[in-house]
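Model the following, please.
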Amino acid sequence: MSSDLYNKLVVYYESVYFSGKHKLEKDLQRIMSEKKCSREEAVKILYREVFGEETRKEQKPRDLEEALAELKEAKKSYSSFVKMSFLVLFVFFALSALSFNFGAALVVWFIALITIVIMGIISKTRTIEWNYSEIMILDVEILDLKEYAERTIVKFQQETLEACKYSLKENSLTVTVTPTTIISKVVTDQYGSRQVSEEVDLGTLTIKADFEKEQGVTKVRLTYSAEVKVEYADYAAAAYEKTIVGFKTALKETAFEMKPKKVVVIDFAKVLEKLKKSGVILKAVKCPVCGAPVKLPEKGDTVKCPYCGSTLKAIDVYKLLSKILNI
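Numbering: from 1, shown residues only. Modelled structure (predicted):
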């Protein structure tokens, strides 16, 4: 649970401070020094100080939707911070202009201009870390993990149409994906203002799947982590959701395909036995191709029509007779 609290603190600090994570670590070190407590306890104390909420062990863990919502919220929080900063600068502009002190106004305006440039650069490069973990149960015991991983990756790429890299070490599968998206923005140059489309990088999403076999099933511990620019956080949330859902779907479908199937062998001996029990004596059937009578053999699972050479399978004959005779 402490990892979830820490992640929420990271989101908060990154949206409030320019060096959010550095500030968070300093506050944790301060609390650990003052309270003589562990890092985990320091996280809980700081969480209560910031959010004013008591942490309980029975607190419901966040789900994937909530985790992605936090990522979207990071952009909103940072955008609000930037707007507030510009509002403060505007107030300074107004006060300096009303002071009728040209020298002071020039200094304030110069400082404000430098601040705006710096904030613009920071807003373009500022990143946020995101992670989430969950457990998934596959109702089959995966025996050949290498084959399962390879087939899962193929299906995952078919589902998401995303290129990826992967590695398998012992019981851990690690997949890295770098999703992109197309955004529209307005640019202004010597020709005026116009709308253009631009492909943007949404960071690298790492998916780690740890497999553990348990009494006929396989438990998969999934961990997702990424680092993305704050200005693209909302786009990243949508892309990550699509990728994660595609990966989980690939895991399930591959497990179903590799699940041992019950094999039933039907030969003509069994067909004749079934007919005999039903009180039906059948010596021949009509060929589905030419219509000529085909004598049923007493053994084997196929028979050829003596007239056209077509092959009849015992299982097909059995299915047809089952429908007609209800056996």
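
Skipping adjacent residues, who's closest to the residue nearest the centre of the chain in space?
Residue closest to the average C-alpha location in the chain (CA atoms, centre = their mean): Ile244, at 1.2 Å. Once flanking residues are discounted, Ile244 sits nearest to Tyr224: 6.1 Å by CB to CB, 6 or more residues apart in numbering. All C-beta spots, glycine's among them, are computed from the backbone N, C-alpha and C.

surely the residue nearest to the centre of the chain meets Thr223?
No - taking contacts as CB atoms under 8 Å, Ile244 lies outside contact range of Thr223: 11.0 Å.

Which residues are in contact with each of those two?
Counting by CB atoms under 8 Å, 6 or more residues apart in numbering, the shared contacts of Ile244 and Thr223 are Ile207.

Can you get me a residue count around Glu214?
Glu214 has 9 neighbours, counted by other CB atoms under 10 Å.

how far away is it from Asn171?
12 Å (CB to CB, to the nearest Å).

what's the answer for Ile31, then?
37 Å.

who has more neighbours, these two?
Ile31 (19 against 15).

for the more buried one, phi and psi?
phi -70, psi -40 (degrees, to the nearest 10).

which residue sits closest to it in space, ignoring its chain neighbours?
Ala42 (4.2 Å).

try Lys299
The shortest distance from Lys299 to any non-neighbouring residue, by CB to CB, 6+ apart, is to Ala269 (5.1 Å).

now Pro179
Ala239 (4.0 Å).

all helices in this structure, in order from the N-terminus.
In the chain, the segments counted as helices under DSSP state H are 2-16, 20-35, 39-51, 64-98, 102-125, 145-160, 233-258, 268-277, 314-325.

Could I get the buried residue list for stretch 296-312?
Neighbour-count burial for stretch 296-312 flags Leu296, Pro297, Asp301, Val303, Cys305, Leu312 (criterion: 16 or more other CB atoms under 10 Å).

Would you confirm that the fifth one contacts Val294?
Yep, that's Cys305 we're talking about. Yes - assessed by CB under 8 Å, Cys305 is found in contact with Val294 at 5.1 Å.

which residues are in contact with both of these two?
Counting by CB under 8 Å, 6+ apart, the residues touching both Cys305 and Val294 are Cys287, Leu312.

What count of nearby residues applies to Ala142?
Quick fix: residue 142 is Ile, not Ala. 22.

and the residue nearest to Pro179, what does it touch?
By CB under 8 Å, 6+ apart, the contact set of Ala239 is Pro179, Thr180, Thr181, Leu202, Leu205.
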